[in-house]
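Peer 1: Pasted the sequence and its predicted model underneath.
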Amino acid sequence: MKITPTKLKDCYILEPAKFGDSRGYFMESFNEKTFNELTGMKTHFVQDNQSFSTKGVLRGLHAQGSEHAQAKLVRVLEGEVMDVAVDVRPGSETFGEYVAVRLSAENNLQLFVPRGFLHGFVVLSETATFFYKCDNFYNKESECGVHPLDTDLAVDWQIPVEEMLLSDKDKEAPSFKEVFGRELVK
């Protein structure tokens with residue numbers, strides 16, 4: 001497994017080794033011991049989630065707060081998405097900055113999103129099956145979110161706004177400033 005740091009501390013791109021022949025392929029998609037050794041972190045996942053979406057569906061930007069915060073390891077089993085993680089850790093040098101990574105069934109890349117980040121993705125292919133591991137259990141009462149098209153964040157979702165399909169919850173989500181009480185310094 002190859003692990004590449006992003007510009008955001010503790011946020012990594014993982015590239016599992018893939019071994020193929022005429023019969024197909026084998027890939028170890030995650031190894032906790034290897035991940036912890038290579039990153040110096042101690043992560044243990046307790047919940048797996050999967051979603052299916054059509055082209056243009058944008059899910060995010062979401063997080064869970066306080067003791068219910070979640071780190072996530074995300075990947076695409078079918079299709080392609082633009083995956084985004086936004087650092088909202090208080091006191092972080094990269095507070096309000098984001099990374100965006102194309103994840104697909106073809107490239108097998110994964111993104112490790114640490115606790116204290118907003119997360120979201122948009123489907124670039126006709127359909128996509130999205131899979132993620134979480135290191136904490138889902139807790140509805142601790143959910144928070146920021147409007148994915150917030151102009152202060154200015155996320156480049158790589159798809160025209162008129163092609164995006166958002167849930168009512170995401171359409172009505174507050175701005176970054178409303179949630180975090182301050183504007184972003186660019």
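Peer 2: That came in fine, so what should we check first? None of these values were measured; they are calculated from a predicted model.
Peer 1: Share the number of residues neighbouring Glu97, please.
Peer 2: Glu97: 17 surrounding residues under other Cβ atoms under 10 Å. (Each C-beta comes from the backbone N, C-alpha and C, glycine too.)
Peer 1: now the closest residue to it other than its chain neighbours: how far from Lys18?
Peer 2: Nearest non-adjacent residue to Glu97, counting by Cβ to Cβ, 6 or more residues apart in numbering: Asp87, 5.6 Å away. Separation of Asp87 from Lys18 (Cβ to Cβ, to the nearest Å): 30 Å.
Peer 1: Please apply the same query to Leu111.
Peer 2: Separation of Leu111 from Lys18 (Cβ to Cβ): 17 Å.
Peer 1: These two - which one has more neighbours?
Peer 2: Neighbour comparison, Leu111 and Lys18: the larger count goes to Leu111, with 23 against 11 (by other Cβ under 10 Å).
Peer 1: who touches that one in this structure?
Peer 2: Leu111 makes contact with 11-14, 73-75, 83, 85, 99, 101, 103 under the criterion Cβ atoms under 8 Å, 6 or more residues apart in numbering.
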